Each structure stands twice: as structure tokens, then as C-alpha cells.
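>>> Quick one, what's the 3D model for this:
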Amino acid sequence: MTAEVESAQRRAAAAQSALHARHLTPLGGRVPCTRIGRPAWPMPGRPLSRERLTMSWNYWWQAHLADALVDAVIHRDDRVAADRLGQLFRGIRIRNLGRWTNAYYDDMAWLGLAAERTARRTRTRPDRSPVARLLAARMHRAWSPELGGGIPWRTTDTFFNTPANGPAAILLARTGDAARAAAMTDWLHERLLLPSGLIADGFWLRADGRIDRVDSVYTYCQGVALGAELEVYRRTREAHRLDRIDALLSATAERLAPAGVIVGAGGGDGGLFGGVLARYLALVATDLPGDDARTASIRDRAGRIVTASADAAWAGRAEHDGLPVFSADWTRPAVVPDDGGDAAHFSGGAVRSSAVPERDLSVQIGATMLAEAAVAVTIGSPEHIVSSID
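All right, here's what the predicted structure looks like:
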């Protein structure tokens, strides 16, 4: 094992250990054979206090926590992570009142991706395959071209956005619906590509037929657009899809990693944004097919953003009880949070940051995703070494 590989693996293992120690707990603190991700560390209030009992559990954070545990199993054959993965899925289902679904298509797409990877990559939970199929079927049925979509953000809205369509397209491609995945990537490119070369957040279709664009730019939107295009390109080898990957990577590097490090997005839901981009940049680096100079260059450029961001996040970490605390902004030093100030809270369909963003589970998952993405790039570990669910 080279020093570079050993360092990447050590950092990722330390990040995982911090998640286990601070955030992974039995559901309700006591339900046997379950785990759930505590949304904050330290938690607010005392056990059974109103502050603690009313904290949202944040379904999509749990989905990314599961995906991060899958990485630990793949990269280091981590048996503790494998056990926790099964317990986490059990905890999610019980906490979600016995269902895998909810009202948000982006949430369901993320959990579907975690379930699909669990079934395909870990071989520890083959029963996750039906979960992926169930959630993929929801994505397929939500396609709404008559409304201008795309699939909507949630079941009660006509907001069509990248955070729902991007992961849904990846899930559909990985579960055998490549035609719909291709249509979704085309929709993203045709409807949400900005003059900057980046992908916008989405648009509202109003009752009177007006379209109100939301041209906000987020790192995770670029990540899922890259991931979706890559999944379709692997299956079609259509040249225009490689062109899109190349152009979007260039725009992302220039505008969202201007110093080679992915920009931060704060705490709350934003704590996951950089980690999502890192995951799919790593996917480009490890899984983009082709032996020519251009594809080699694309892979190298994507991988360098991941490893430079991981180096910066590690350099800026704080430590508490011998375990890392990562910053919400990988270009700045981390702050060790305490139990004072406001904790993250759900408002208007999104989770707002804690007063100290390092307190948020999302921030620590995002950094762990980055560390595992750096492992994938460093050891050259492709995602698609095992065939997808048939």
C-alpha cells in the first residue's frame, strides 16, 4: 500500500469513526437492532426534552449516511459499517412509519440509490434490491412532460428541479431504465442549463401556466447532472453526452472550485452539497469509459478536484476526543460545536443550519463522503465492477 493510499484510507476511516461515535444511535435511543443518524452533535436539551424530541430526522440525510456506510464496506471491508448499514435501513423504515416512501421525490431518489448500492456492492443486504425497485418505479411514474417536466420536487408541488431529476435519473439508469434516464438528462440540459455552463436549481410551473425559473446554482446540482450524464453515456457512448460531461466539469471547476477546492454551502441541507458533488466527480474519475487522451484528461481533472478538496478538509479539521470534526467550508478551519445556540431546524421544505454548522450531521456526512470519494480516486475503485440490478 502506498503512502498516498494509506493516508486516504486512514482519513476516511477516521471520518467514519466520528460518525459512529457521535451520530449513529439506536432509534429513540433504545430500539434494538436499529440505528438512526442523530441530526446534531451535541444534541440540544436533555433526554426526552421537547428540544430533542421535536428535532426533525431528515430522511435524505439518512439516505446519504447509508451511502457513506456502503463506501466503508467497499473500500475497507468494514464489518461494523456493514452491520450498522442493515440496522440503519431498519431504523429508517420504523422511523418512517413502516414505509420507504415520503412526499419528496428527491428524498426517495437518494434512498433508492443507497438501497441499490447496498444490494449491488456490499452483498450483505440483498433484500435492499426490492427497495430500490420500489423507489425507482416512483421516479418513473412521476415523469410529467405534460407539465413541462421532469419530475417534481415533491408530490404536492409543480416545482421541477435538478435535485429530484438528477438522482432519479442515476437510479433509473442503475435499475435498468436507461431510456427514461436519458430523457431526464436531456431535460436537464435543455431546460436548466445556464449561460455559465452550470445547471440551475429548477423552475415553478404556476397555475396560470407561467414558468418562474429559479436560477440559483448549487454544487450538488452539478454533481447529480454529471452523474446522470455519465450513467447514460456508459450505456450509449453518444458523443454529445461526453461533450456535456466535459463542459459541465469545466464550468464546475472554474466557478465552484476556483482554487481547486469545492466551495462550501453552510450547514443544514447545504452541508451535504459538496459531498454529493465530490461523490459524482469521483464517479467521473473512476468510471468514465474510454482510452483516448480526452477522456483521460476528464478523469484526471475530476479526480484532482476531489483529492485537493479532501486534503483541504483534512487540513482544516478540528479534533475532539481524538476524532475529527470537519468544517462546513473546506477552505476554513473547523469549529468544535457545543450544545449552545440554535440547532438545525426544518423550515419551508428545507433544513436550516445550526448556529455552528459543524454541529450538523449533514456537514459531517458530507466530509465523510468527500473522504471516501478521495479513496475511490486514489485506489482507482470503480463503481460499476458488479453489474446493476437486472
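>>> Quick one: name whatever helix or strand follows the helix or strand bottoming out on mean pLDDT in the chain.
When the helices and strands of the chain are compared on mean pLDDT, DSSP states H and E, helix 50-53 comes out lowest with a mean of 61. Next in sequence after helix 50-53, counting helices and strands by DSSP states H and E, comes helix 59-76.
>>> packing partners for the helix or strand just after that next one?
Tracing the chain past helix 59-76, the next element assigned as helix or strand by DSSP H and E is helix 79-95. The elements that helix 79-95 packs onto, with contact taken as 3 or more CB pairs under 8 Å, 6 or more residues apart in numbering; DSSP states H and E, are helix 3-22, strand 36-37, helix 59-76. For the C-beta atoms, the positions are set from N, CA and C on the backbone; glycine is no exception.
>>> what about residue 189, neighbour count?
By other CB atoms under 10 Å, the residues close to residue 189 number 18.
>>> Name the nearest residue to it, ignoring sequence neighbours.
Once flanking residues are discounted, residue 189 sits nearest to residue 244: 6.1 Å by CB to CB, 6 or more residues apart in numbering.
>>> distance of that neighbour from residue 183?
Here the criterion is CB to CB, to the nearest Å. By it, residue 244 lies 14 Å from residue 183.
>>> Equivalent analysis for residue 225, please.
Taking CB to CB, one finds residue 225 at 14 Å from residue 183.
>>> For the two, work out which one has more neighbours and name it.
Taking other CB under 10 Å, residue 225 and residue 183 do not tie; residue 225 has more neighbours (27 against 17).
>>> Tell me if that one really is in a helix.
Yes: assigned with DSSP: H, G, I helix; E, B strand; the rest coil, residue 225 falls within a helix.
>>> That one: what's it in contact with?
Shown in contact with residue 225 (CB atoms under 8 Å, 6 or more residues apart in numbering): 162, 166, 185, 188, 199, 248.
>>> and with 10 Å instead?
By CB atoms under 10 Å, 6 or more residues apart in numbering, the contact set of residue 225 is 162, 165-166, 169-170, 185, 188-189, 192-193, 198-199, 244-245, 248, 252, 280.
>>> ok so, going back, for residue 203, which of the helices and strands packed on helix 79-95 is the nearest?
helix 59-76 (21.1 Å; CB to CB).
>>> What is the closest one packed up against?
Packing contacts for helix 59-76, counted by 3 or more CB pairs under 10 Å, 6 or more residues apart in numbering; DSSP states H and E, involve helix 3-22, strand 36-37, helix 79-95, helix 105-117, helix 128-142, helix 162-174, helix 273-287, helix 361-379.
>>> repeat that with 6 Å
Judged by 3 or more CB pairs under 6 Å, 6 or more residues apart in numbering; DSSP states H and E, helix 59-76 is in contact with helix 79-95, helix 105-117, helix 361-379.
>>> and these as TSV, adding mean neighbour count?
Formatted as TSV, the helices and strands packed on helix 59-76 follow (neighbours: other CB atoms under 10 Å):
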stretch	mean neighbour count
helix 79-95	20
helix 105-117	27
helix 361-379	28
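>>> do you know which of those helices lies nearest residue 319?
For residue 319, the closest of the helices and strands packed on helix 59-76 is helix 361-379, at 13.2 Å, according to CB to CB.
>>> which strands and helices sit next to that closest one?
Counting contacts by 3+ CB pairs under 6 Å, 6+ apart, helix 361-379 is packed against helix 3-22, helix 59-76, helix 273-287, helix 293-315.
>>> Any chance you could list what contacts the first one?
Identification of contacts with helix 3-22 by CB atoms under 6 Å, 6 or more residues apart in numbering yields 41, 72, 314, 323-324, 364, 368, 371-372, 374-375, 378-379.
>>> how about a cut-off of 7 Å?
Outside helix 3-22, the residues within contact range by CB atoms under 7 Å, 6 or more residues apart in numbering are 41, 72, 75-76, 81, 84, 310, 314, 323-324, 364-365, 367-368, 371-372, 374-375, 378-379.
>>> which residue is nearest the centroid of the protein?
residue 276 (3.8 Å; CA atoms, centre = their mean).
>>> for that one, what are its contacts?
220, 223-224.
>>> Now render those as TSV, adding pLDDT, neighbour count and distance to residue 117.
Below are the contacts of residue 276 laid out as TSV (pLDDT from 0 to 100; neighbours: other CB atoms under 10 Å; distance: CB to CB, whole Å):
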residue	pLDDT	neighbour count	distance to residue 117
220	98	25	17
223	98	31	16
224	98	29	15
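>>> so which of the helices and strands packed on helix 79-95 comes closest to residue 258?
Counting by CB to CB, residue 258 lies closest to helix 3-22 out of these; the figure is 23.6 Å.
>>> Dump the closest one to PDB, restricted to CA.
What follows is helix 3-22, C-alpha atoms only, in PDB (Å, rounded to 0.1, in the frame of the first residue of the first chain):
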ATOM      1  CA  ALA A   3       1.700   6.300   1.500                       C
ATOM      2  CA  GLU A   4      -1.000   8.100  -0.600                       C
ATOM      3  CA  VAL A   5      -3.400   5.200  -0.400                       C
ATOM      4  CA  GLU A   6      -2.700   4.600   3.300                       C
ATOM      5  CA  SER A   7      -3.400   8.300   4.100                       C
ATOM      6  CA  ALA A   8      -6.600   8.400   2.100                       C
ATOM      7  CA  GLN A   9      -7.900   5.200   3.800                       C
ATOM      8  CA  ARG A  10      -6.800   6.500   7.300                       C
ATOM      9  CA  ARG A  11      -8.700   9.800   6.800                       C
ATOM     10  CA  ALA A  12     -11.900   8.100   5.600                       C
ATOM     11  CA  ALA A  13     -11.800   5.600   8.500                       C
ATOM     12  CA  ALA A  14     -11.400   8.400  11.000                       C
ATOM     13  CA  ALA A  15     -14.300  10.300   9.500                       C
ATOM     14  CA  GLN A  16     -16.500   7.100   9.700                       C
ATOM     15  CA  SER A  17     -15.400   6.600  13.300                       C
ATOM     16  CA  ALA A  18     -16.500  10.100  14.200                       C
ATOM     17  CA  LEU A  19     -20.000   9.500  12.600                       C
ATOM     18  CA  HIS A  20     -20.300   6.200  14.500                       C
ATOM     19  CA  ALA A  21     -19.300   7.800  17.800                       C
ATOM     20  CA  ARG A  22     -21.300  11.000  17.600                       C
END
